[in-house]
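**Q** No sequence on hand, only this structure:
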C-alpha cells in the first residue's frame, strides 16, 4: 500500500466535511474491493475516510411498501435478515451470494453500489428492483444511478445513506459465477411489480449493469420462463474475456433470465 | 493515527502503527501471532481468517484502524486452555482435515464461524458452499468437510468454546 | 497389528502445532535485525536491457541496497542450472542457456527479476522498486510451444536455434510405424496438456543470513530438498562453500514440486545478506508467485494408437513438443523425457512404442515438475486413446482395457521400464463394482429427465515412483543420485530420533516414519521424533518428491534399524550373558531363546551409553546407526479411477457427481494419510481437467495472474471421493511400499475428460473443460448431429 | 493483452476544421481522458501524462504520443506508449480517417491497444471495458470540442 492518512468519521456531517477539506479523499465502507486494490498498489488515495463508525448508516427497516436498507449494512445482515427474507427474498438470496462469508461480514450495500463493479451482484438487484439510492443530498433512481462500469451519478462529495427498495410482487436472482473469481460472469435479476417488469443484468455488459427491454416486454405478456424461450440478446456490447466470450455471455443472459423468472414464480 | 487499542484473544493490546497496517500484519508482526497466514493478495484464499467481534473476516482486507476497539479472536486464542483443544481443532486432527497445515488456521476459524451462524447440523453441501472463501491445495477438501461436520456436532456437545464477542 | 504400527490409521503427531497456530513456516521466522527484499521484475516478455537506473531508488529512506545482475557478475555469482542432461537423438547435448539470478542484459519472460531492493521494511523496498528505471529495447515474443520452432519466431537464447533445447526420442520408430501401418484401426488425437500453476497455499519465502564472525551463511527456505539446495547454491551458483552453508526448510506449506527447484530469489537473499550484513527476508506475493514459480505441464502432443481386429493394441506413436519456458529450471529437462515417455505403455502390453519429444524455450515462466511430473501427461495420452479407441471399436471401455492388460510380472515395456508387480484386473474390477457401473445407464436416464447430460470416464493409470535407482537415473542423465539417507539415534532413555533426508510438507512423515520405528522397536510412538529439513542437523539426503519418501527414505530408515537391532542384540547378549545368536528381539524386549531371561529395550539403550557391562574395546559404546538406501528399481503404483459427471447443457457447467478411486500402493503404513494423499491428488487432477490453465496473451503477458482469473478448485467444485485399495507388494524394497503422493493427479484428468466426452458425445474438448468450452462443444456436437 | 476497437463519430464541421483540431495539442489534451499534461516536442510528437482510472484502479502513465502517416485533411495515425510504474505499461494507436458526410465530417477510427505488467496480470476483466470507454470518451470529447468551436 502507498501511505495514506486514516480518518474516522463519527457522523455524516463530519464525513462530508472531511471530503471537502482533505486531499484526494476516498470513502472506506467495507473495504473489500478498495483495500485489495490498494494493497496491490493499483490504487492510491491520500486520505481514507472510514464510514464504519458513522451513526445511523446501518439498519434494515420496512416502511410501507418499501424496504429501507442503510448504506453501511453488511451483506451478511441483508442475507440473513428475517425482514428482508420476508419482504424481498430474492434480495436476501442475492446478498448471500456476494463474495464469501468473511467478505459478506465486511462488505456493505452502499460500498458495492458506489463502486458499481461491472461484475457485482448488488447493482443488478438495485436496478432490477427499481430501487432509489438516497444520499446525503438527494434521491437517485437506480435507472439514473448506474453510469457504466465503475461510474455512478454520485458527485464527489456525495455519500449514499440508504437505499429504498420498493416491494415487488415477485422477484428472482440467478447468477452464473466466474469459475475463478466467483463474481458474476452473468447475473440476472427479474422483478414484477403490478404491470411493471424489470430485468437487470450484471457481469455481461461492457458498460456495467443494464436492463433488457425485449425480455421485459415478453414478460409483460406473461411472467413465466416460457415467455423468454427462444429469446436472446445480441452479443454486441457484451464483455469478452477468457472466462466468457461475448456470445457465451449473451447466451447466458437468456438462460439465467429464464431461471430467475422460474425462481421468482417458483 | 492514534495508537490502536483492541482486544486480541481476550487481552487488550495497544500499538502505534502506520495507518496502512492491515489487521493481519498487526497480528503477525506486532503481536507475533503467526498462526494467521497470508496466502494471496486478492482476498480469496482465506488463510488469514480471524474473528472480529464474533464474525469471520479476512484479516488481510481490513485495516487495524478499522478494528480499533474490537474483539479479535485468532487461532491462538481458540483453544479453551493450553491443555484442551477446541472441538473444531480436535475434529480437524481426528479426521485428517489438514496436510501442510498452512490453510488450516483460516479453515478452522471459518468453520467455527460457520457453526456459530448456522448451527451444529451441517450437511456436506452447506459446508462446501460456506467454504467458498477458503482455499486448500492439499486435502481436496474431502476431509475438511468431514472435519467440520464432526466439529460442529462436537461443539453442540459443549467442550469449552470461547467466542470473542459475547 | 500394533495400535500404532504399519497399517494403523494413527492420528498425525504434527497436527497439534498446525491446528493451534504454532506451526513455524519461513515467514513466521523473524531473525534479529532482519530486513526485507523486494524484486524488480520485467513487465515485458522479451526485451534487451539497455540500462538500469538505480540512483533514485538508493536514496530513499530505509534502503540499504539496490543490487542488479551486474553486481552478481562482479561478485562472480554463477548461473542457476538444470541438473539433468538430456541428449538429442543426434547425440548433441541439450542447449542450456545461461540463467543469471538477476537478468543483466536481457529479460525473457514477464516477471524475470532484474534487481533487488533491500530495505528496512517491505513498504520502503516497494517504494524504492518503483524508482528503478529500466530502459528496454522490446523484442517480439513467443509463448506457444508449437509456434516457438517456426521460422521467424523470436529467438530467445543464441545457444538454441529455433528455440529448440533438445530433440529427444525413445523407442523403436520403425516398429511403431509398422504396427500402425498394419493395424485394423488407428485412433489419433491432438492433445494440449494445459499449463498449470502449482499454487501451494504458502507462497515461497527465504531468509538469508551471514555471520561475519564464523563466515557462515544460513538460508531458511521453503524447499522440499534442503540438501540439494545447499549443493547447488555452493557448487554451481557459488554463493557460499557447502560446509559454510546451512539450509533450513522449516514447516513448508505445500510444495507439489514447485519447491524442489533452486530459484533466483533464495540465491539473491543469501548473497545480499552478506552485502548488507543483515538477515534478508523475501516473502513472495501471490501475484508474484504466478509469475515466478515454476509452472507445470504445457505439452502439445499428437498421438496415434493402432488396434487389431480383436481390440488389441498393436502400437503407439507419440510426438510431443514440451514448453520449458524462458529458462531451464532445475529438473525441467527430465519431465517431458524420462518421466514421461517411459510411462507410455500404461497398464498395457503394447508391442511397439515410439515417442519423439522436442523441448523448446518460450517467453513464459519456467516449467518444471508439478505433482506427477510427466506421468499425468503420459497417462492422459494413453487413457484418452484407450477411451476413444473403445468408442471407435464399439467395445466397452473397461473391456478394451481388460483385453490389453499386462498380466505377467516382471514385464519389460518397450520404453525402458520393467514393471515389477501389479494386478490391474483386480483394481479395475473393484473400481467397477464400487462405482456401480452396471447401473450407470439408469442414472444417465435420470439425468436426462432433468435435462442433464451424464457421462462416465475411466482411467487405468500407472506411474513410476519412488525415484529411484541412482545408477539408472545417472545413465539417463541425472546430475544427482536418487538414493536416500537415514540416521537413527537412540537416546540413553530409549527414546529415538530419526534423521531423514526426506522433507515433509504435508505428507505426514513425522507420523508414518514414527509408526514404523515404534513398531519395530516396540516403543511408544511418542518416543520417536522425526528430524528433517536442516542441513546442520541431518546428513545429506535427496529430499521429497516423486512419491519417494516412504519407498526410498523409509527403506533407509529400516536399513538403519536393522543395524540398530543388530548392535542392540550384541549389548543385550552381554547383559543377559548369552550368545548373541540366541538373542531374540520382539515387542521391545530382548530375550534369550528358549529361556525366560529377558531385558527391556530401555535397559539395553541405557547400557549402550553407560557402557558398564561390556568392554569398549570389544563393542563401541552408543547406539546410533546410519544408512543409505538405493533402490534397485522404480516402484509402480497403479490403479483405476472412475469419474461420473453431469453437465448442464444450457450453461456448459460440469459437476462431478461421483468419484471412485482404487489404487495399489503396495504396503500402506497409514491408510488415513494415504487416503488424504489420494484426495489431494484427485483434486489437483480435477483442477487441471475442469478449471486450471495458464493463459498468456498475444504479447506474452500473463493473463491468469491471480486467483481472480486462475481457477483454483474450491470445496464446492469438488465431490467427496470413494477411495479403496488393492495391494500387491512392491518386491523392490523391504516394506513393499510403492508410494501414493501423485496417483490422484495422474489418474484424474483423463477420467474427467473421458467422462465429459462420453456425456456430450464428442471428443472435441480441451483442458480445462470450462463451462464456456463445454457449452461450445455441446453446441457444436448438436449442430453436427443436426447436419447429419 | 491486446484490444481492438473501432467506431465512427459524425462531426458537424468541415474536414479541414476537424483536421486542425486533430493536430491541436490543447484540444487533444482536453479530449484525452485523464490527460494531465501534453507538451509539444515537435509538430508530431508530444510528451504526455495521463491518469487512467478504472474503478478502484488508478494509474498515472507517462509517455509519448506521436502523429504519423499524416495525410491532411484525410487522416493520420496517432499512437503512443506510456509507463505506468508499478501498474505496467500501455501502448496503442488509432488510425483516424476523415470523410465528408452530410455537410459535416465522418470521423472513423480503428484503435488497437496493448497493456502489460500488473494491469494485464490482475485487471484483465476490467481492461477491455475500460479501454473501450476511454476510446469512446476521447472521441465523444472530441466531437464536443468540434461542436463548441462551431457553436
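**A** Done, it's in. Predicted, not measured: the structure shown is a model, and the values here were computed from it. Numbering: from 1, shown residues only, chains lettered A, B, ... in the order given.
**Q** mind checking how far the closest residue to chain D within chain B is from chain C?
**A** Ranked by C-beta to the nearest C-beta, the top residue of chain B for proximity to chain D is residue B:42, at 7.4 Å. Using the backbone N, CA and C atoms, a C-beta is placed for each residue, glycine as well. Distance of residue B:42 to chain C, given as C-beta to the nearest C-beta, to the nearest Å: 5 Å.
**Q** Which strands and helices lie in contact with the lowest-mean-pLDDT helix or strand in chain D?
**A** The helix or strand with the lowest mean pLDDT-type score in chain D, counting by mean pLDDT, DSSP states H and E, is helix D:124-150 (a mean of 83). Using 3 or more C-beta pairs under 8 Å, 6 or more residues apart in numbering or on different chains; DSSP states H and E as the contact criterion, the neighbours of helix D:124-150 among helices and strands are strand D:2-11, helix D:15-22, helix D:25-31, strand D:45-54, strand D:104-116.
**Q** Need the three-state assignment for the residue in the stretch 251-400 of chain C that chain B sits nearest to.
**A** Of all residues in the stretch 251-400 of chain C, the one sitting closest to chain B is residue C:253 (3.0 Å; C-beta to the nearest C-beta). Secondary structure for residue C:253, judged by DSSP: H, G, I helix; E, B strand; the rest coil, is coil.
**Q** same thing with the one 4 residues further on?
**A** Remark: residue C:257 carries the secondary structure label coil [criterion: three-state DSSP].
**Q** Go ahead and confirm it touches residue C:295.
**A** No: Residue C:257 sits out of contact with residue C:295 when judged by C-beta atoms under 8 Å, with a separation of 10.1 Å.
**Q** all strands of the chain, in order?
**A** Chain wasn't specified; assuming chain A. Taking DSSP state E as the criterion, chain A contains strands spanning A:5-8, A:25-28, A:47-50, A:60-63, A:66-70, A:132-135, A:139-141, A:160-166, A:170-177, A:184-193, A:196-202, A:210-211.
**Q** right idea, wrong chain: chain B
**A** Under the criterion DSSP E, chain B contains strands at B:4-8, B:11-15, B:49-52, B:55-58, B:71-73.
**Q** okay if I get these as JSON lines plus mean pLDDT and distance to chain C?
**A** As requested, these are arranged in JSON lines below (pLDDT from 0 to 100; distance: least, C-beta to the nearest C-beta, whole Å):
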{"stretch": "strand B:4-8", "mean pLDDT": "92", "distance to chain C": "12"}
{"stretch": "strand B:11-15", "mean pLDDT": "92", "distance to chain C": "15"}
{"stretch": "strand B:49-52", "mean pLDDT": "98", "distance to chain C": "10"}
{"stretch": "strand B:55-58", "mean pLDDT": "98", "distance to chain C": "13"}
{"stretch": "strand B:71-73", "mean pLDDT": "98", "distance to chain C": "11"}
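**Q** Mean neighbour count for those strands - can I get that in JSON lines?
**A** Converted to JSON lines, the strands of chain B look like this (neighbours: other C-beta atoms under 10 Å in any protein chain shown):
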{"stretch": "strand B:4-8", "mean neighbour count": "19"}
{"stretch": "strand B:11-15", "mean neighbour count": "12"}
{"stretch": "strand B:49-52", "mean neighbour count": "29"}
{"stretch": "strand B:55-58", "mean neighbour count": "28"}
{"stretch": "strand B:71-73", "mean neighbour count": "23"}
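**Q** out of those strands, nearest to chain A?
**A** strand B:55-58 (4.3 Å).
**Q** so what secondary structure elements neighbour that closest one?
**A** Contacting strand B:55-58 under the criterion 3+ C-beta pairs under 8 Å, 6+ apart are the following elements: helix A:101-106, strand B:49-52, helix B:104-118.
**Q** most packed of these?
**A** strand B:49-52 (a mean of 29; mean count of other C-beta atoms under 10 Å in any protein chain shown).
**Q** how about that strand, does it get close to chain A?
**A** Yes: using C-beta under 8 Å from any C-beta of the partner chain as the criterion, contacts between strand B:49-52 and chain A involve B:49, B:52.
**Q** what's in contact with that strand?
**A** Contacts made with strand B:49-52 from outside it, assessed by C-beta atoms under 8 Å, 6 or more residues apart in numbering or on different chains, are listed as A:102, A:105, B:23-24, B:27, B:36, B:56-59, B:62, B:67, B:70-75, B:105-107, B:109-110, B:112-113, B:133-134, B:163-165.
**Q** Okay, and the residue in the stretch 201-350 of chain C that chain A sits nearest to sits in which element?
**A** Nearest to chain A in the stretch 201-350 of chain C, going by C-beta to the nearest C-beta, is residue C:287, at a distance of 6.9 Å. Element membership of residue C:287 [criterion: DSSP states H and E] is helix C:286-292.
**Q** what's the pLDDT at the closest residue to residue D:112 other than its chain neighbours?
**A** Ranked by C-beta to C-beta, 6 or more residues apart in numbering or on different chains and with sequence neighbours excluded, the top spatial neighbour of residue D:112 is residue D:4, at 5.0 Å. The score at residue D:4 is 81. That number is its pLDDT.
**Q** Next: residue B:133.
**A** In this prediction, residue B:133 carries a pLDDT score of 98.
**Q** That one is in contact with residue A:106, isn't it?
**A** No: with contacts counted by C-beta under 8 Å, residue B:133 stays clear of residue A:106, the gap being 11.2 Å.
**Q** hang on, the earlier thing: of the strands of chain A, which stretch is the most buried?
**A** A comparison of the strands of chain A by mean neighbour count, using mean count of other C-beta under 10 Å, puts strand A:184-193 on top with a mean of 29.
**Q** sec struct for residue C:320, please.
**A** Classification of residue C:320 by three-state DSSP places it in strand.
**Q** Report how many residues lie close to it.
**A** Taking other C-beta atoms under 10 Å in any protein chain shown as the neighbour definition, residue C:320 ends up with a count of 26.
**Q** what's near enough to touch it?
**A** Applying C-beta under 8 Å, 6+ apart, one finds that residue C:320 lies in contact with C:299, C:300, C:301, C:336, C:340, C:355, C:356, C:357, C:358, C:377.
**Q** Report the secondary structure element holding the third one.
**A** The reference is to residue C:301. Element membership of residue C:301, judged by DSSP H and E, is strand C:299-307.
**Q** In space, what's closest to residue 36 - neighbours in sequence excluded?
**A** If you meant another chain, say so; for now it's chain A. Of all residues beyond its chain neighbours, the one nearest residue A:36 is residue B:43 (4.7 Å), with distances taken as C-beta to C-beta, 6+ apart.
**Q** Chain D, not that one
**A** Spatial nearest neighbour of residue D:36, chain neighbours left out: residue D:49 (4.6 Å); criterion: C-beta to C-beta, 6+ apart.
**Q** show me what contacts residue 122?
**A** Unless you meant another one, I'm taking chain A. A:94, A:95, A:98, A:109, A:112, A:113.
**Q** nope, chain D please
**A** Contact analysis of residue D:122 by C-beta under 8 Å, 6+ apart lists A:40, A:42, B:42, C:287, C:705, C:706, C:708.
**Q** same thing but 6 Å
**A** Contact partners of residue D:122, counting by C-beta atoms under 6 Å, 6 or more residues apart in numbering or on different chains, are C:705, C:706.
**Q** Tally up the residues packed near residue 18, please.
**A** You didn't say which chain, so I picked chain A. Taking other C-beta under 10 Å as the neighbour definition, residue A:18 ends up with a count of 19.
**Q** meant chain C actually
**A** Counted with other C-beta under 10 Å, the burial measure for residue C:18 works out to 28 neighbours.
**Q** After the helix or strand harbouring it, which helix or strand is next?
**A** Taking DSSP H and E as the definition, residue C:18 sits inside helix C:15-19. Once the chain leaves helix C:15-19, the next helix or strand it forms, by DSSP H and E, is strand C:35-41.
**Q** What residues of whatever helix or strand comes next after that next one count as buried?
**A** On the C-terminal side of strand C:35-41, the closest following helix or strand by DSSP H and E is strand C:47-53. Taking 16 or more other C-beta atoms under 10 Å in any protein chain shown as the neighbour-count basis, strand C:47-53 is seen to contain the buried residues C:47, C:49, C:52.
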